[in-house]
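Enquirer: need a 3D model of the sequence below.
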Amino acid sequence: MLTSDTWPTWNGGAQQGCQAILSHTGFIEDVQFGKTKLFIKTPKTVFTLESQRSARLPAIVLFLQKVRFKLYS
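Expert: Numbering: from 1, shown residues only. Okay, here's the model as predicted:
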């Protein structure tokens, strides 16, 4: 949702998707990748990413409603 590289379609792996999002938002240096988890070093990064996600949600909901309307009308 935070970058057009990964939303609405992503065909790569989960780690590559996370790297793309973090590179786009500028937080790639604030994380450590484990085998199955992403470790974020500072709470500010979490709060900023959540804030950015929350800001994008209304536009995404509107997009999905338009698609649904076109499919069922």
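
Enquirer: scan this structure for its longest helix.
Expert: helix 43-72 (DSSP state H).

Enquirer: quick one: mean pLDDT over it.
Expert: For helix 43-72, the mean pLDDT works out to 92.

Enquirer: buried ones in it?
Expert: 45, 49 (16 or more other CB atoms under 10 Å). Glycine gets a C-beta too; all of them are placed from N, C-alpha and C.

Enquirer: repeat for stretch 7-22
Expert: So, applying 16+ other CB under 10 Å, buried residues of stretch 7-22: 17, 19-22.

Enquirer: what is the nearest of those residues to residue 50?
Expert: Looking at the buried residues of stretch 7-22 and their distance to residue 50, the nearest is residue 21, at 12.8 Å (CB to CB).

Enquirer: who are the contact partners of that closest one?
Expert: Residues near residue 21 by CB atoms under 8 Å, 6 or more residues apart in numbering: 2-3, 5-6.

Enquirer: do I have it right that residue 2 meets residue 22?
Expert: No - here residue 2 lies out of contact with residue 22, judged by CB atoms under 8 Å, at a distance of 9.2 Å.
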